[in-house]
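In: after the sequence you'll find the predicted model.
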Amino acid sequence: MSAAPTPQRRPADTHAAGTVARHAMPAPSLGEARRRVHVYLPAEYGREEAAARRYPVVTLLHGWPGADGDWFTQAKAHAIADALIARGEIPPVILVCPNGNARGLWMRTIYMNAQRGATRMEDYVARDLVAWTDATFRTRTTPGGRAVIGISDGATAAFNLVIRHPDVFGAAGGHSGCFRLRREFSAFAILGCGPGASRLLAEHSPALTAAGAAGRLRAIPLYFDCGAGDPEAADNRAFHETLTGLGVPHAYHEFPGAHTWSYWSTHLPRSLKAIAGAMR
(Lines give C-alpha, C1' and ligand atoms only; values in the text may rest on other atoms or scores of the structure.)
Protein backbone atom coordinates (compact mmCIF):
# COMPACT_ATOMS: atom_id res chain seq x y z
CA MET A 1 0.00 0.00 0.00
CA SER A 2 1.48 3.33 -1.02
CA ALA A 3 0.59 6.93 -0.40
CA ALA A 4 -0.06 9.10 -3.42
CA PRO A 5 3.15 10.95 -4.31
CA THR A 6 3.10 14.68 -3.75
CA PRO A 7 5.60 17.17 -5.17
CA GLN A 8 7.88 18.72 -2.56
CA ARG A 9 10.14 21.63 -3.34
CA ARG A 10 11.72 24.67 -1.83
CA PRO A 11 9.83 27.88 -2.66
CA ALA A 12 12.85 29.33 -4.47
CA ASP A 13 13.22 26.36 -6.84
CA THR A 14 12.36 27.10 -10.46
CA HIS A 15 13.26 23.75 -11.99
CA ALA A 16 11.00 20.71 -12.20
CA ALA A 17 10.41 19.02 -8.86
CA GLY A 18 10.48 15.30 -8.26
CA THR A 19 8.01 13.55 -5.99
CA VAL A 20 8.37 12.04 -2.54
CA ALA A 21 5.98 9.37 -1.31
CA ARG A 22 5.73 7.24 1.81
CA HIS A 23 5.20 3.55 1.06
CA ALA A 24 4.61 0.41 3.11
CA MET A 25 6.54 -2.67 2.02
CA PRO A 26 6.87 -6.23 3.30
CA ALA A 27 9.97 -6.92 5.39
CA PRO A 28 10.25 -10.71 5.79
CA SER A 29 13.80 -10.46 7.16
CA LEU A 30 12.33 -8.52 10.09
CA GLY A 31 9.15 -10.60 10.38
CA GLU A 32 7.02 -7.60 9.44
CA ALA A 33 4.18 -7.46 6.95
CA ARG A 34 4.56 -3.68 6.54
CA ARG A 35 7.56 -1.41 7.04
CA ARG A 36 7.67 2.24 6.12
CA VAL A 37 9.98 3.58 3.40
CA HIS A 38 10.18 6.98 1.68
CA VAL A 39 10.98 7.16 -2.03
CA TYR A 40 11.94 10.11 -4.23
CA LEU A 41 11.29 9.84 -7.96
CA PRO A 42 12.88 12.36 -10.34
CA ALA A 43 10.58 14.77 -12.17
CA GLU A 44 10.88 12.97 -15.49
CA TYR A 45 9.98 9.53 -14.10
CA GLY A 46 6.26 9.73 -14.87
CA ARG A 47 6.58 11.36 -18.28
CA GLU A 48 5.56 9.45 -21.38
CA GLU A 49 8.93 9.94 -23.05
CA ALA A 50 10.66 8.29 -20.06
CA ALA A 51 8.34 5.27 -19.87
CA ALA A 52 11.02 2.83 -21.03
CA ARG A 53 13.87 4.40 -19.05
CA ARG A 54 15.46 2.67 -16.06
CA TYR A 55 17.03 4.61 -13.23
CA PRO A 56 19.96 4.16 -10.85
CA VAL A 57 19.02 3.93 -7.18
CA VAL A 58 20.73 5.60 -4.24
CA THR A 59 19.69 4.23 -0.85
CA LEU A 60 19.95 6.91 1.84
CA LEU A 61 20.44 5.58 5.37
CA HIS A 62 19.54 7.70 8.40
CA GLY A 63 21.50 7.75 11.62
CA TRP A 64 20.57 6.96 15.21
CA PRO A 65 18.31 8.24 16.54
CA GLY A 66 16.54 8.89 13.27
CA ALA A 67 13.83 7.87 10.84
CA ASP A 68 13.26 7.27 7.14
CA GLY A 69 11.65 10.66 6.60
CA ASP A 70 14.63 12.60 7.99
CA TRP A 71 16.38 12.89 4.64
CA PHE A 72 13.49 14.96 3.31
CA THR A 73 12.41 16.89 6.41
CA GLN A 74 15.90 17.62 7.77
CA ALA A 75 18.20 17.57 4.73
CA LYS A 76 15.74 18.45 1.92
CA ALA A 77 17.30 15.66 -0.14
CA HIS A 78 14.54 15.96 -2.72
CA ALA A 79 15.31 19.62 -3.40
CA ILE A 80 19.04 18.91 -3.52
CA ALA A 81 18.49 16.09 -6.02
CA ASP A 82 16.16 18.27 -8.11
CA ALA A 83 18.81 20.98 -8.36
CA LEU A 84 21.69 18.61 -9.15
CA ILE A 85 19.66 16.84 -11.82
CA ALA A 86 18.55 20.14 -13.36
CA ARG A 87 22.19 21.28 -13.59
CA GLY A 88 23.28 17.97 -15.10
CA GLU A 89 25.61 17.23 -12.17
CA ILE A 90 23.95 13.88 -11.50
CA PRO A 91 21.69 11.77 -13.70
CA PRO A 92 18.02 11.40 -12.74
CA VAL A 93 18.07 8.97 -9.81
CA ILE A 94 15.65 7.28 -7.46
CA LEU A 95 16.31 7.90 -3.77
CA VAL A 96 15.13 5.19 -1.37
CA CYS A 97 15.09 5.94 2.36
CA PRO A 98 14.30 2.94 4.59
CA ASN A 99 13.45 2.80 8.26
CA GLY A 100 16.53 1.33 9.94
CA ASN A 101 15.14 1.19 13.48
CA ALA A 102 14.49 -1.93 15.53
CA ARG A 103 11.66 -2.41 17.97
CA GLY A 104 12.33 -1.72 21.62
CA LEU A 105 13.63 1.05 23.82
CA TRP A 106 16.88 1.94 22.05
CA MET A 107 15.90 0.99 18.47
CA ARG A 108 19.55 1.11 17.33
CA THR A 109 20.69 -1.44 14.74
CA ILE A 110 23.74 0.04 12.92
CA TYR A 111 22.00 -1.77 10.02
CA MET A 112 23.42 -5.09 11.25
CA ASN A 113 21.97 -8.54 11.83
CA ALA A 114 21.69 -9.10 15.58
CA GLN A 115 23.87 -11.76 17.18
CA ARG A 116 20.80 -13.61 18.43
CA GLY A 117 18.89 -13.12 15.16
CA ALA A 118 15.99 -11.10 16.58
CA THR A 119 16.63 -8.21 14.17
CA ARG A 120 18.14 -8.80 10.72
CA MET A 121 18.45 -5.25 9.46
CA GLU A 122 21.36 -5.96 7.12
CA ASP A 123 19.30 -8.63 5.37
CA TYR A 124 16.35 -6.27 5.21
CA VAL A 125 18.33 -3.57 3.40
CA ALA A 126 20.42 -5.83 1.16
CA ARG A 127 17.60 -8.26 0.27
CA ASP A 128 14.05 -7.14 1.08
CA LEU A 129 14.47 -3.47 0.27
CA VAL A 130 16.38 -4.06 -2.97
CA ALA A 131 13.92 -6.71 -4.16
CA TRP A 132 10.92 -4.47 -3.40
CA THR A 133 12.49 -1.44 -5.05
CA ASP A 134 13.33 -3.38 -8.22
CA ALA A 135 9.82 -4.87 -8.35
CA THR A 136 8.07 -1.54 -7.75
CA PHE A 137 10.05 0.93 -9.85
CA ARG A 138 11.95 1.01 -13.13
CA THR A 139 15.42 0.48 -11.72
CA ARG A 140 18.81 -0.54 -12.99
CA THR A 141 19.31 -3.92 -11.37
CA THR A 142 23.09 -4.32 -11.40
CA PRO A 143 25.54 -3.29 -8.65
CA GLY A 144 26.66 -0.42 -10.89
CA GLY A 145 23.11 0.90 -10.72
CA ARG A 146 22.89 0.80 -6.92
CA ALA A 147 24.69 2.92 -4.34
CA VAL A 148 24.37 3.65 -0.62
CA ILE A 149 24.97 6.94 1.19
CA GLY A 150 24.49 7.36 4.93
CA ILE A 151 25.03 9.62 7.90
CA SER A 152 26.50 8.53 11.24
CA ASP A 153 25.46 4.86 11.74
CA GLY A 154 24.14 4.98 8.19
CA ALA A 155 27.58 5.97 6.89
CA THR A 156 29.15 3.02 8.69
CA ALA A 157 26.48 0.81 7.15
CA ALA A 158 27.00 2.19 3.64
CA PHE A 159 30.60 1.00 3.63
CA ASN A 160 29.68 -2.30 5.31
CA LEU A 161 27.06 -2.97 2.66
CA VAL A 162 29.38 -2.27 -0.25
CA ILE A 163 32.10 -4.45 1.32
CA ARG A 164 29.82 -7.28 2.42
CA HIS A 165 27.42 -7.27 -0.56
CA PRO A 166 29.43 -6.50 -3.71
CA ASP A 167 26.85 -8.37 -5.78
CA VAL A 168 24.22 -5.81 -4.72
CA PHE A 169 25.83 -2.37 -4.23
CA GLY A 170 28.48 -0.73 -6.38
CA ALA A 171 29.29 2.55 -4.60
CA ALA A 172 29.29 4.01 -1.09
CA GLY A 173 29.28 7.44 0.48
CA GLY A 174 29.09 8.65 4.05
CA HIS A 175 29.05 11.63 6.35
CA SER A 176 30.30 11.42 9.96
CA GLY A 177 30.56 7.64 10.06
CA CYS A 178 32.41 5.41 12.50
CA PHE A 179 34.70 2.96 10.75
CA ARG A 180 36.13 1.08 13.71
CA LEU A 181 33.16 0.14 15.87
CA ARG A 182 33.35 -0.08 19.63
CA ARG A 183 31.11 -1.49 22.34
CA GLU A 184 28.32 0.86 23.32
CA PHE A 185 25.38 0.14 25.60
CA SER A 186 22.95 1.54 23.01
CA ALA A 187 23.92 -1.31 20.66
CA PHE A 188 23.67 -4.13 23.21
CA ALA A 189 20.42 -5.49 21.73
CA ILE A 190 22.26 -6.03 18.43
CA LEU A 191 25.71 -7.03 19.65
CA GLY A 192 24.81 -9.12 22.67
CA CYS A 193 27.75 -10.10 24.82
CA GLY A 194 30.72 -12.44 24.91
CA PRO A 195 32.94 -13.43 21.97
CA GLY A 196 30.04 -13.04 19.56
CA ALA A 197 29.86 -9.32 20.25
CA SER A 198 33.57 -8.86 19.53
CA ARG A 199 33.21 -10.83 16.32
CA LEU A 200 30.30 -8.70 15.12
CA LEU A 201 32.20 -5.50 15.88
CA ALA A 202 35.22 -6.69 13.91
CA GLU A 203 33.17 -7.97 10.98
CA HIS A 204 31.29 -4.66 10.71
CA SER A 205 34.23 -2.29 11.11
CA PRO A 206 35.17 -1.11 7.59
CA ALA A 207 38.61 -0.06 8.85
CA LEU A 208 39.27 -3.75 9.59
CA THR A 209 37.48 -5.38 6.65
CA ALA A 210 38.62 -3.06 3.84
CA ALA A 211 41.90 -4.94 3.38
CA GLY A 212 40.10 -8.15 2.45
CA ALA A 213 37.93 -6.29 -0.06
CA ALA A 214 40.60 -3.90 -1.39
CA GLY A 215 40.67 -5.42 -4.87
CA ARG A 216 36.97 -4.76 -5.35
CA LEU A 217 36.99 -1.40 -3.59
CA ARG A 218 39.63 -0.09 -5.99
CA ALA A 219 37.10 -0.35 -8.83
CA ILE A 220 34.12 1.51 -7.31
CA PRO A 221 33.31 5.11 -6.27
CA LEU A 222 33.88 5.82 -2.57
CA TYR A 223 33.31 9.14 -0.81
CA PHE A 224 33.19 10.22 2.82
CA ASP A 225 33.59 13.39 4.87
CA CYS A 226 33.42 14.52 8.46
CA GLY A 227 33.18 17.75 10.42
CA ALA A 228 36.38 18.86 12.11
CA GLY A 229 34.39 19.28 15.33
CA ASP A 230 32.77 15.83 15.09
CA PRO A 231 33.69 13.22 17.74
CA GLU A 232 34.35 10.79 14.87
CA ALA A 233 36.83 13.07 13.06
CA ALA A 234 39.92 11.13 14.21
CA ASP A 235 38.30 7.84 13.23
CA ASN A 236 37.53 9.23 9.75
CA ARG A 237 41.11 10.41 9.30
CA ALA A 238 42.36 6.98 10.30
CA PHE A 239 40.05 5.28 7.78
CA HIS A 240 41.27 7.66 5.08
CA GLU A 241 44.84 6.63 5.91
CA THR A 242 43.86 2.96 5.84
CA LEU A 243 42.33 3.22 2.38
CA THR A 244 45.30 5.25 1.13
CA GLY A 245 47.69 2.61 2.43
CA LEU A 246 45.69 -0.09 0.63
CA GLY A 247 45.84 1.83 -2.63
CA VAL A 248 42.06 2.23 -2.72
CA PRO A 249 41.02 5.39 -4.61
CA HIS A 250 38.51 7.44 -2.63
CA ALA A 251 37.53 11.00 -1.83
CA TYR A 252 37.82 12.17 1.77
CA HIS A 253 37.16 15.69 2.98
CA GLU A 254 37.06 17.39 6.35
CA PHE A 255 35.04 20.57 6.77
CA PRO A 256 34.13 22.91 9.62
CA GLY A 257 31.13 21.51 11.47
CA ALA A 258 29.86 18.89 13.87
CA HIS A 259 27.55 15.88 14.09
CA THR A 260 24.43 17.76 12.99
CA TRP A 261 21.83 17.88 10.24
CA SER A 262 23.07 21.33 9.36
CA TYR A 263 26.43 19.79 8.46
CA TRP A 264 24.93 16.80 6.62
CA SER A 265 22.47 18.81 4.54
CA THR A 266 25.26 21.19 3.57
CA HIS A 267 27.48 18.40 2.29
CA LEU A 268 24.92 15.95 0.86
CA PRO A 269 25.36 17.58 -2.60
CA ARG A 270 29.04 16.56 -2.50
CA SER A 271 28.33 12.90 -1.80
CA LEU A 272 25.53 12.78 -4.38
CA LYS A 273 27.79 14.31 -7.03
CA ALA A 274 30.62 11.90 -6.17
CA ILE A 275 28.44 8.78 -6.03
CA ALA A 276 25.34 9.38 -8.17
CA GLY A 277 27.36 11.46 -10.60
CA ALA A 278 29.27 8.30 -11.51
CA MET A 279 26.07 6.33 -12.22
CA ARG A 280 25.48 7.53 -15.77
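Out: Arrived safely, thanks for sending. Since the structure is predicted, the reported quantities are computational estimates derived from the model, not experimental observations. Residues are numbered from 1 along each chain as shown.
In: quick one: low-confidence ranges for the protein?
Out: Regions of the chain meeting the criterion pLDDT under 70 cover residues 1-14, 104-105.
In: quick one: the strands in the stretch 51-200 of the chain?
Out: 57-61, 94-98, 146-151, 172-175 (DSSP state E, counting those that start in this stretch).
In: strands paired with the shortest one, and their directions?
Out: Strand 172-175 has the following strand partners under DSSP bridges: strand 146-151 (parallel), strand 222-227 (parallel).
In: gap between it and the chain center?
Out: For strand 172-175, the distance from its own C-alpha centre to the chain's C-alpha centre is 7 Å (C-alpha atoms, centre = their mean, to the nearest Å).
In: got a list of what residue 223 touches?
Out: The contact partners of residue 223, by C-beta atoms under 8 Å, 6 or more residues apart in numbering, come to 172-174, 250-252, 270-271, 274-275. Glycine gets a C-beta too; all of them are placed from N, C-alpha and C.
In: returning to that earlier point: dump the strands of the stretch 51-200 of the chain into TSV; add mean neighbour count and distance to residue 266 as well.
Out: Compiled in TSV, the strands of the stretch 51-200 of the chain are given as follows (neighbours: other C-beta atoms under 10 Å; distance: least, C-beta to C-beta, whole Å):
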stretch	mean neighbour count	distance to residue 266
strand 57-61	26	16
strand 94-98	25	18
strand 146-151	29	12
strand 172-175	30	10
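In: got the angle between the helix ranked longest in the chain and strand 57-61?
Out: In the chain, assigned by DSSP state H, the helix with the most residues is helix 261-275. Using axes from the mean of the first three to the mean of the last three C-alpha atoms, to 10 degrees, the inter-axis angle of helix 261-275 relative to strand 57-61 is 150 degrees.
In: how about helix 261-275: buried residues?
Out: Buried residues in helix 261-275, counting neighbours by 16 or more other C-beta atoms under 10 Å, are found at 261, 263-275.
In: which of those lies closest to residue 147?
Out: Using C-beta to C-beta, residue 275 comes nearest to residue 147 of the buried residues of helix 261-275, at 4.8 Å.
In: show me what contacts the closest one?
Out: Each residue near residue 275 by C-beta under 8 Å, 6+ apart is listed here: 58, 147, 149, 171-173, 221, 223.
In: run the last query once more with 6 Å
Out: 147, 149, 171, 173, 221, 223 (C-beta atoms under 6 Å, 6 or more residues apart in numbering).
In: what do you get for residue 142?
Out: Residue 142 neighbours (C-beta under 6 Å, 6+ apart): none.
In: what's the distance between it and residue 133?
Out: Between residue 142 and residue 133 the computed distance is 13 Å (C-beta to C-beta, to the nearest Å).
In: which residue ranges form the helices in this structure?
Out: 70-73, 77-86, 121-123, 130-136, 153-164, 188-191, 195-203, 206-209, 214-217, 233-245, 261-275.
In: circling back to that earlier point, same list (the contacts of residue 275) but as TSV, adding distance to residue 194.
Out: Shown next, in TSV, are the contacts of residue 275 (distance: C-beta to C-beta, whole Å):
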residue	distance to residue 194
147	35
149	33
171	35
173	34
221	38
223	36
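In: and the residues you listed, which two are furthest apart?
Out: Using C-beta to C-beta, the two most remote members of the contacts of residue 275 are 149 and 221, lying 10.6 Å apart.
In: show me the contacts for residue 177.
Out: Contact analysis of residue 177 by C-beta under 6 Å, 6+ apart lists 155-156.
In: swap that for residue 150, sorry
Out: 61, 157-158, 174.
In: and it, how far from residue 51?
Out: 32 Å.
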